[in-house]
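Peer 1: no sequence on this one, just coordinates:
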């Protein structure tokens with residue numbers, strides 16, 4: 001686990017944003033436009049931007065040179081060059097993102113669980129899929145797909161084959177999700193408790209479940225919070241953190 005401490009950028013406001021589950025794809029130009037506007041008009045003022053997974057609907061490898069990615073790379077890189085620090089944690093759709101993407105986007109890759117200092121408050125951040133332990137079939141796939149041999153095998157395939165595999169997986173995933181009970185795809189409360197206890201923390205920020213909300217909970221008989229980030233299917237959604245406040249914000253897609 002990485003522990004990131006507060007750093008101050010004099011050219012930026014005391015402001016940090018968290019986003020997740022944008023599921024960017026060429027077929028959803030409205031989401032891409034909203035994201036680009038967010039980077040240019042909103043995140044530009046922030047010291048840090050954390051992307052907590054599923055930035056893309058799928059990621060088949062850093063060697064994908066699709067034209068629409070060029071604009072995204074440039075927008076992220078320009079934000080970083082302006083002084084905003086960018087961080088990324090892998091999601092369940094884009095876990096194959098590697099150093100090539102990080103270099104192009106000027107972004108730092110973080111471990112799947114990271115502890116940060118958020119304006120003198122300690123927070124644990126993650127994508128959130130590991131908290132959904134009742135979704136057994138997904139957890140089995142996750143375990144396999146994170147192994148070096150599976151990723152090496154997939155990355156060795158031609159690009160067009162990987163694209164076809166990603167398309168088929170999305171269809172299968174959508175069908176499987178439609179058949180699962182809602183509570184199976186939500187976090188397991190005991191996992192949240194264990195996570196916060198393990199990292200001795202009272203604030204957890206994650207995405208994945210697409211159920212934005214600030215949950216007030218109790219950990220070790222002390223008040224704690226679990227903040228769930230919203231998805232971007234029907235709106236832009238982010239968490240805004242300042243030294244004095246933390247709030248979930250959404251706005252219509254542009």
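Peer 2: Received it, and whenever you're ready, just let me know what you need. None of these values were measured; they are calculated from a predicted model.
Peer 1: so where's the stretch 1-150 of the chain shaky on pLDDT?
Peer 2: Counting by pLDDT under 70, the low-confidence segments of the stretch 1-150 of the chain come to 1-10.
Peer 1: where along it do the strands fall?
Peer 2: Along the stretch 1-150 of the chain, counting by DSSP state E, counting those that start in this stretch, strands occupy 2-4, 16-19, 48-51, 85-88, 108-109, 113-118, 121-126.
Peer 1: with distance to residue 234 and mean neighbour count added, can I get those strands in TSV?
Peer 2: Just so you know, the C-beta spots here come from the backbone N, C-alpha and C atoms, and that holds for glycine as well. Putting the strands of the stretch 1-150 of the chain into TSV (distance: least, C-beta to C-beta, whole Å; neighbours: other C-beta atoms under 10 Å) gives the following:
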stretch	distance to residue 234	mean neighbour count
strand 2-4	31	14
strand 16-19	15	24
strand 48-51	19	25
strand 85-88	23	20
strand 108-109	29	14
strand 113-118	28	18
strand 121-126	24	21
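Peer 1: make a markdown table out of the ones you listed and add distance to residue 212.
Peer 2: Written out in a markdown table, the entries for these read as follows (distance: least, C-beta to C-beta, whole Å):
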| stretch | distance to residue 212 |
| --- | --- |
| strand 2-4 | 23 |
| strand 16-19 | 11 |
| strand 48-51 | 15 |
| strand 85-88 | 20 |
| strand 108-109 | 25 |
| strand 113-118 | 18 |
| strand 121-126 | 15 |
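Peer 1: what's the neighbour count on residue 96?
Peer 2: Close neighbours of residue 96, defined as other C-beta atoms under 10 Å, add up to 20.
Peer 1: what number of residues lie near the closest residue in space to it that isn't next to it in sequence?
Peer 2: Once flanking residues are discounted, residue 96 sits nearest to residue 59: 5.0 Å by C-beta to C-beta, 6 or more residues apart in numbering. Burial of residue 59 is recorded as 21 neighbouring residues (other C-beta under 10 Å).
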